[in-house]
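Participant: turn this into a structure:
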Amino acid sequence: MMKVVAILAVLAVLGAEGFRQQTVGIRGRLMCGDKPLPETQIKLWNKNKLGTDDQLAAGKTDSHGNFEFSGGVGSLFDMNVHFKIYHDCDDGIKPCQRKVDLKIPEQYVTRTSEVKKWFEAGTMNMEFVFPDEERSCIN
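Facilitator: So this is what the prediction gives:
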């Protein structure tokens with residue numbers, strides 16, 4: 001009976017370890033040409049292999065276009081983190097917003113509850129047209 005209890009305890013610890021917290025963080029600055037891109041919507045998403053995707057963080061750039069976001073989930077599978085930017089830079093009078101979806105490299109995801117290694121996005125000029133860019137009216 002003691003062996004069964006010990007085995008169950010080990011399995012419980014191993015199972016909990018598999019679902020431990022994963023965290024990611026990104027920071028940088030958004031520009032539109034030579035002007036900061038303030039109040040720009042940013043979201044961090046975990047694209048899941050199974051089930052629905054998880055929103056890890058959301059917010060807006062500050063008045064200087066700066067941002068710093070982090071988030072995470074407890075998961076058995078490694079996170080597949082995407083950084084999404086919704087903006088109107090160099091957009092004229094077109095409806096909705098330009099949507100850019102960029103993947104954060106896996107080495108910036110840590111299996112901890114705190115960010116250990118920030119992804120430094122640097123200064124990004126959103127005049128650039130990104131591959132696979134879309135338009136989004138709901139963000």
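
Participant: show the subsequent helix or strand relative to the helix or strand where Gly59 lies.
Facilitator: Secondary structure here is read from DSSP states H and E; on that basis Gly59 sits in strand 54-60. Following strand 54-60 in sequence order, the next helix or strand is strand 66-74 (DSSP H and E).

Participant: ok, and for that next one, which residues are buried?
Facilitator: The neighbour-count check on strand 66-74 (16 or more other CB atoms under 10 Å) flags Phe67, Glu68, Phe69, Ser70, Gly71, Gly72, Val73 as buried. Backbone N, C-alpha and C define where each C-beta goes, glycine included.

Participant: pull the most distant pair out of these.
Facilitator: Using CB to CB, the two most remote members of these are Phe67 and Val73, lying 20.2 Å apart.

Participant: name the nearest residue to Arg27, sequence neighbours excluded.
Facilitator: Once flanking residues are discounted, Arg27 sits nearest to Glu68: 3.9 Å by CB to CB, 6 or more residues apart in numbering.

Participant: contacting residues for Pro131?
Facilitator: For Pro131, no residue meets the contact criterion (CB atoms under 8 Å, 6 or more residues apart in numbering).

Participant: about what we covered before: quick check, nearest of the buried residues of strand 66-74 to Thr110?
Facilitator: The shortest gap between Thr110 and any of those belongs to Gly72, at 8.6 Å (CB to CB).

Participant: partners of the nearest residue to the closest one once chain neighbours are set aside in the sheet?
Facilitator: Nearest residue to Gly72, sequence neighbours excluded (CB to CB, 6+ apart): Thr23, at 3.6 Å. Here Thr23 sits in beta bridges with Gly72, Thr110, going by DSSP bridges.

Participant: contacting residues around stretch 98-109?
Facilitator: Contact with stretch 98-109 is made by 22-26, 44, 78-89, 91, 117-119, 126, 130, 132-136, 139, as judged by CB under 8 Å, 6+ apart.
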